[in-house]
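A.B. asks: Structure for this input, please:
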Amino acid sequence: MGIAERPATSADTQGGHSFETMGGFSVAAIDVGALKNIGWWHHSPSGETTSGRDLDSLVDVVVADLGRRTPVALGFEAPLFIPRPASAEQLNRQRAGERGRPWCAGAGTGALALGLQQSAYVFDRIAQHARPRVTFDLEAIERGDADLLVWEAFVSGKAKNRAAEDPHVDDARLAVTEFVARHRTGVVASDVQDTEVSNLVAANLLASGLSPDIALLHRPCLVVRSPDRPTDA
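C.D. replies: The predicted model follows:
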């Protein structure tokens, strides 16, 4: 196993949330992009955090978690599914909840393409070392019925910290922070509500051998959108 690129810390209080024990699963997120712009953040059940810029290092961390029978909620900051419209008039429309940051224009299209390839790489690497039970359902992780939850991180526009020392790692941190903060309240609702979808990341799960469930191709992922930063931040 490789080691994470940044030493772990005992706690993380960024954004005003004290990271406490997550109740048995880790949360990680990847800011996809050009190779020089990839960043990731990982939060363990004990509250320790690690981060880095290399996808292989994150895979090592995830595989280590799975080897310890610690489930992982793994997020990608990219559109993971797209609407499956019933009529031509509904083509090329943003998903319900994207609020002007659509999958089908601008940064969304680039993130979608890069996220599709990079998630395939991550799943292939995980599959070389582990065979977790995969789900898009958070409750399955909480019940102990799954080992790997795949979710979509949504960090866009005013949610980003442009002054961060490493903006790409910080995007991943913001995504994990929001996921953990919501989980601590007991409510982790998806911020994108489309139900008739084509799930692109599911195709990668099937191709990697991590899941045989073709029904995932039509199920949306949980989407967690980070809130806008305060105007004086």
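
A.B. asks: Make sure I have this right: Ala28 is in a strand.
C.D. replies: Yes. Looking at Ala28 with DSSP: H, G, I helix; E, B strand; the rest coil, it is inside a strand.

A.B. asks: For Ala96, which non-adjacent residue is spatially closest?
C.D. replies: Distances taken as Cβ to Cβ, 6 or more residues apart in numbering place Gln193 nearest to Ala96, at 4.4 Å, with adjacent residues excluded. Backbone N, C-alpha and C define where each C-beta goes, glycine included.

A.B. asks: so who does the most centrally placed residue in the chain touch?
C.D. replies: What sits nearest the mean C-alpha location of the chain, by Cα atoms, centre = their mean, is Gly75, with 1.0 Å. Applying Cβ atoms under 8 Å, 6 or more residues apart in numbering to Gly75 gives the contacts 27-30, 150-153, 175-176, 179, 224.

A.B. asks: Kindly indicate which of those lies nearest Leu217.
C.D. replies: Val150 (13.0 Å; Cβ to Cβ).

A.B. asks: Need the pLDDT of the closest one.
C.D. replies: Val150 is assigned 98 on the pLDDT scale.

A.B. asks: And for Thr195?
C.D. replies: The model reports Thr195 with a pLDDT of 84.

A.B. asks: helix, strand or coil for it?
C.D. replies: Under the three-state scheme (three-state DSSP), Thr195 adopts coil.

A.B. asks: so what's it up against?
C.D. replies: Residues near Thr195 by Cβ under 8 Å, 6+ apart: Pro220.

A.B. asks: before we move on, the earlier item: did I read that right, the residue nearest to the centre of the chain in a strand?
C.D. replies: Yes. Counting by three-state DSSP, Gly75 is located in a strand.

A.B. asks: who touches the residue nearest to Ala96 in this structure?
C.D. replies: Contacts for Gln193 (Cβ under 8 Å, 6+ apart) come out as 95-97.

A.B. asks: Weed out the non-buried ones from those.
C.D. replies: With burial judged by 16 or more other Cβ atoms under 10 Å, the buried subset of these is Arg95.

A.B. asks: Dump the contacts of Gln193 to CSV, plus distance to Trp40.
C.D. replies: Shown next, in CSV, are these (distance: Cβ to Cβ, whole Å):
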residue, distance to Trp40
Arg95, 24
Ala96, 28
Gly97, 24
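
A.B. asks: Of the contacts of Gln193, which belong to strands?
C.D. replies: In strands, judged by DSSP state E, none of the contacts of Gln193 are found.

A.B. asks: and which of the contacts of Gln193 is nearest to Thr109?
C.D. replies: For these, the closest approach to Thr109 (Cβ to Cβ) belongs to Arg95, at 13.1 Å.

A.B. asks: Distance-wise, check the residue nearest to Ala96 relative to Arg95.
C.D. replies: Gln193 is 8 Å from Arg95, where distance means Cβ to Cβ, to the nearest Å.

A.B. asks: what's the overlap in contacts for those two?
C.D. replies: Contacts common to Gln193 and Arg95, judged by Cβ under 8 Å, 6+ apart, are absent.

A.B. asks: Now name the helix or strand holding Ala113.
C.D. replies: Using DSSP states H and E, Ala113 sits in helix 107-127.

A.B. asks: and that helix, how far out from the chain's middle?
C.D. replies: The chain centre lies 11 Å from the centre of helix 107-127; the measure is Cα atoms, centre = their mean, to the nearest Å.

A.B. asks: and that helix, average pLDDT?
C.D. replies: What helix 107-127 shows for mean pLDDT is 96.

A.B. asks: what's the next secondary structure element after it?
C.D. replies: Immediately after helix 107-127, counting by DSSP H and E, sits strand 134-135.
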